[in-house]
Each structure stands twice: as structure tokens, then as C-alpha cells.
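Show me the folded form of this:
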Amino acid sequence: MNIAVIGTGYVGLVTGTCLAEIGHHVTCMDIDPEKIKTLQSGRSTIYEPGLEELLQNNIENNRLDFTTDYATGLANKGIVYIAVGTPENEDGSANLTFVEAVSKDIAKYAQNDLIVVTKSTVPVGTNHQIQNWIKENLQQDVNIKVASNPEFLREGSAVYDTFNGDRIVIGTDDENTANTLEEINRPFGVPVYRTDVNSAEMIKYASNAFLATKISFINEIANICEKTGANVADVAKGMGMDDRIGSKFLNAGIGFGGSCFPKDTQSLIHIAKEVDYDFEILKGVVEVNHQQKVKLVDQLIERFGSSLEQMKIAVLGLAFKPNTDDMREAASIDVINKLSSYNVNITAYDPIAIDQAKKVIKENVNYTTDIEEALTNADVALIITEWDQVKQLEFNTFKKLMKTPIIFDGRNCYDPKEAEKASVEYHSIGRPSVTKI
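Numbering: from 1, shown residues only. Model (predicted):
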């Protein structure tokens, strides 16, 4: 099948590259000429394990190309995927400016019948609006069908998820369109779930909101555990053994970030408001997450008080999660912003996200890709991102390099019992602290 993908951000680039990998001929389109030039050279514009290799392989095999030109990109295509951003407006709603612009451009350049597939995360009813935008601006007498096909990829494992997903959701009111899209995706070997357009749009929001709810819930349980002497790791394990609950997304920590959960929870709250419904649970999820992001700083202040000033603090991890350079809504931003008001000296470590971090962190920070450099002569270490490089550190390394081996672990990377054996002061989330060393 000849396919066009409009938008070469995270979703678009992974989608287009993986569709090419299963044998389709794909043209990815973007308005940014520098990005297109980089992609044409075989270099990925996002960090995602395994993606660049697939990109290069499919360019070499003439199944994947890139352009800024709509006429070229849509020529002889039967399927067009919309994968442009839907950033959050100030009121929490999804900004559909890019979706609308792309819809009108498709209408302008379409020369044959097309199926337009929306990968972008959009509010319920948007695909019907896309149909209207295209219909109102068509230049040729062609037939356009619209379908919803939301993505469920996790940053850092998106290529794996594409080929090993739980389901592919296809939302359309036209059976032939559903059949075509199911056939396109058949080589992935992932179960297909068909539904109507509105339900497909809601499935994406409901899924992310539920996962975000599990995270905030276990973080609330962790906070209660700290006050009662329970251990949240044991609690989560006991809960997760119940098949009705499951063990995934029950890892207590300093909250969620990234491009999906924060934006999609706010958008769903706004969708509910638009139909005169107050989504109280989800509002609580968002508020808990805001508080949880700076929990390590609160622990630090409780531990040191005014003596915190002039301390050297090692911040381990900047990206919102491992295996990505994405800084969107990363906890490190909130942590560093709050720490900076205490006149501390911050050295931040991250293996790949430093360039992105510098764009969003305005405070005075020393950056390094050498974890030992970050720890050298530090008074305190804060673990923000659970990179393998962090989890593999031995307590003796902290003791050898730091001025004082004091660790505040926002991702529960280590066993408190091992910290006690190593005579390291260790504070984590929802578990007993090790203070007598």
C-alpha cells in the first residue's frame, strides 16, 4: 500500500517507519525543511531505541522517503495518516490548529480517493470535524473517508510496542475502510479492535487517564505508608497479585510526566466540562501528581532545613523517563526550579537529555553525561530518572565519591536493606528511611 504520514514528530516518525518495515511504501511529510533534510540522510530526529536502524534500512530499500511538498507526498497515495501535535491550550483543551491546517491541505492536494487516518490524540468528535474540513475545501471530485486509529506507544519502547502491542483500535463507521486498515496492519500480528469513531477517540483518553490514576493512587498510598510504617513496595506487590488490579503502573515515585499523561488528563477534564460533567477523580489525579513531583525537595527541606543553602546537589536524571530525551513535564524541571530558590549548587546528570533540558530549565545548572562527575563531592544525590546507569550504581560508589553519602531516591531504585548494610543514608518513596548509619 502507498501511504503518506503527515507529521514527523514522535508518533508520525515511528508510525511511518514501522509501516515501511512491514512492506508498505511510505512518504513522511513535515513543514520543517531541516528536519526533513536530517531524516533523508538516515538520521533520526528523536531518540528512540531501534528507530534509526529501521529508518536507514527502509530508506535503503526504497520503502521510506521524506518531503515537505504536499503534492509530492500525496501523489498516488491511498492512505494518509495525520500525526501532528495537539498541544494543550491554557484551559486544558487540545489545540487542533495543526489538525485543521493539515485537513485543509489534504483537501487542497488530494487527487484521488483517500482514507484519512487520525493518529493524533484528539477530543471526541474531532474526526467528524476533520471530515467536514476536508469536504468543505476539496478541490477535486474525490471520495474521502476518515477513521480514528489512536496510538498507544510508550516512549523508550515505541518500536517494540508497535510490533508487540496489546491492540490496534480502528474507529470508523464504514466497514470497507475498517477492512482496509485492518489489512494494512495485519503484518504487525497485533489484535485489532473495531469500534465507532467517537468510541475510538475516547478509548485513547480513557486508557491514559486510567493509567495516570493508578500512578497517583499508588503515590497516595505511598504517602500514607510513610506515616504508618508500611512499605509501599510490599503493598503494591500484594495488590498486584489480584488479577482484577494487576501489577503494572503500581510503582510509587515522583509522578508522571511526558507528552501524553499530563496533556491527556487535562484534555479529558476539559472534554467532561464541555458536556457539563465535573470529572472530580481525574482532577485529584492531576493535583496529586503536581505535589508528588517535588516530594524529594520537600523531604530534603525537612531533613536539612536552612542548612540546605550552598550545598552541592547531584541530580541524577533529567528526562521524564529512561530511554528518551523527552523533557516534557519532566519532574526534574519542578525539582530544579524549587531547589534553585535555596541557593544550592546543582550538577545534573543525564546520558542523552541534556540538550533538551537546557531548552526548558532556565536555572543555573552544571550539566554532565558522566555520572561520577555529578556525584563527586556532592552533599546529597537526588534520583529523578531510573536510568540503568543509575540503577547499576553500587552504594560504595556513592560513598567513595560523595562528601556525604545521602541519597533521596524518587524512583525506588534500591533496596533500603542494602543501603543500611552499606551505611548509606537513604530516603525513598513510601518505604522506611535509612538514617542511622
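
Check which residues of the lengthiest helix in the chain are buried.
Among the segments of the chain that qualify as a helix by DSSP state H, the longest is helix 197-228. Across helix 197-228, burial judged by 16 or more other C-beta atoms under 10 Å covers 197-198, 200-205, 207-209, 211-223, 225-226. Glycine gets a C-beta too; all of them are placed from N, C-alpha and C.

Averaged pLDDT, that helix. What do you get?
Average pLDDT, helix 197-228: 98.

and it, what does it pack onto?
The criterion is 3 or more C-beta pairs under 8 Å, 6 or more residues apart in numbering; DSSP states H and E, and the helices and strands that helix 197-228 contacts are helix 126-137, strand 144-148, strand 168-171, helix 232-240, helix 261-274, helix 280-293.

can you state the direction angle for it and strand 144-148?
20 degrees (axes from the mean of the first three to the mean of the last three C-alpha atoms, to 10 degrees).

circling back: the helices and strands packed on helix 197-228 into TSV, with extra columns for mean pLDDT?
Below are the helices and strands packed on helix 197-228 laid out as TSV (pLDDT from 0 to 100):
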stretch	mean pLDDT
helix 126-137	97
strand 144-148	98
strand 168-171	98
helix 232-240	98
helix 261-274	96
helix 280-293	98
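
For the ones you listed, give me TSV that also has mean neighbour count.
Converted to TSV, the helices and strands packed on helix 197-228 look like this (neighbours: other C-beta atoms under 10 Å):
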stretch	mean neighbour count
helix 126-137	18
strand 144-148	23
strand 168-171	23
helix 232-240	17
helix 261-274	20
helix 280-293	17
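
Among those, which comes closest to Ala158?
Between Ala158 and those, the shortest gap by C-beta to C-beta is with strand 168-171, which sits at 14.3 Å.

Assess the claim that Ile245 and Ala236 are in contact.
No: between Ile245 and Ala236 there is no contact under C-beta atoms under 8 Å: 9.5 Å.

and after the helix or strand where Ile336 lies, which helix or strand comes next?
Assessed by DSSP states H and E, Ile336 sits inside helix 331-340. Sequence-wise, the next helix or strand downstream of helix 331-340 (DSSP H and E) is strand 345-349.

can you list the residues that contact that next one?
Strand 345-349 has contacts (C-beta atoms under 8 Å, 6 or more residues apart in numbering) with 310-318, 332, 336, 339-340, 354, 357, 363-371, 373-374, 378.

among these, which ones are buried?
Counted by 16+ other C-beta under 10 Å, the contacts of strand 345-349 give 311-318, 332, 336, 339, 354, 357, 365, 367-368, 371, 373-374, 378 as buried.

Can you list which of the residues you listed are found in strands?
Judged by DSSP state E, the buried ones among the contacts of strand 345-349 include Lys312, Ile313, Ala314, Val315, Leu316, Tyr367, Thr368 as members of strands.

For Ala378, see how far away the last one is.
Using C-beta to C-beta, to the nearest Å, Thr368 is found at 12 Å from Ala378.

Give me the phi and psi angles of the residue of the chain positioned farthest from its centre.
Distance from the C-alpha centroid of the chain peaks at Asp141, with 39.8 Å (C-alpha atoms, centre = their mean). Phi and psi for Asp141, reported as degrees, to the nearest 10, are phi -80, psi 80.

residue contacts, the residue nearest the centre of the chain?
Among the residues of the chain, Gly258 comes closest to the average C-alpha position under C-alpha atoms, centre = their mean, at 3.9 Å. Shown in contact with Gly258 (C-beta under 8 Å, 6+ apart): Glu155, Phe320, Lys321, Asp326, Arg328, Glu329, Ala330.

For it, give me phi and psi.
phi 90, psi -170.

just the helices in the stretch 1-150 of the chain please.
Taking DSSP state H, counting those that start in this stretch to define them, one finds helices in the stretch 1-150 of the chain at 10-21, 33-40, 51-60, 70-74, 97-109, 126-137.

Any idea which of those gets closest to Lys391?
helix 51-60 (23.4 Å).

Just name whatever secondary elements that closest one is in contact with.
helix 10-21, strand 64-67, helix 158-163.

Please parse the chain into its domains.
Domain assignment for the chain by automatic domain parsing gives 2-195, 203-291, 294-427.

Reformat the ones you listed as CSV; add distance to Lys436.
Formatted as CSV, the domains of the chain follow (distance: least, C-beta to C-beta, whole Å):
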stretch, distance to Lys436
domain 2-195, 37
domain 203-291, 16
domain 294-427, 8
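
for those domains, which one sits closest to Val434?
Smallest distance to Val434 across these (C-beta to C-beta): 4.3 Å, for domain 294-427.

quick check, distance from the closest one to the centre of its chain.
Computed by C-alpha atoms, centre = their mean, to the nearest Å, the separation of domain 294-427 from the middle of its chain amounts to 21 Å.

what comes into contact with stretch 384-403?
For stretch 384-403, contacts defined as C-beta under 8 Å, 6+ apart pick out 254, 296, 312, 314-322, 330-332, 335, 350-351, 371-372, 375-379, 381, 383, 405, 407, 410-411, 413-414, 418-419, 422-424.

now those: which count as buried?
Using 16+ other C-beta under 10 Å, the buried ones in those are 254, 296, 312, 314-322, 330-332, 335, 350-351, 371, 375-376, 378-379, 381, 383, 405, 407, 410-411, 413-414, 419, 422, 424.

Please narrow those to those residing in helices.
If you go by DSSP H, those have Leu296, Ala331, Ser332, Val335, Ile371, Leu375, Ala419 in helices.

coming back round to it: do you know the pLDDT at the residue nearest to the centre of the chain?
Looking at Gly258, its pLDDT is 94.

Without its sequence neighbours, what residue ends up closest to it?
Sequence neighbours aside, Phe320 is the residue nearest to Gly258 in space, at 4.7 Å (criterion: C-beta to C-beta, 6 or more residues apart in numbering).

Over to the one you found: give its phi and psi.
Per degrees, to the nearest 10, the backbone of Phe320 is at phi -70, psi -20.

Tell me how far it lies from Leu19.
Distance from Phe320 to Leu19, by C-beta to C-beta: 27 Å.
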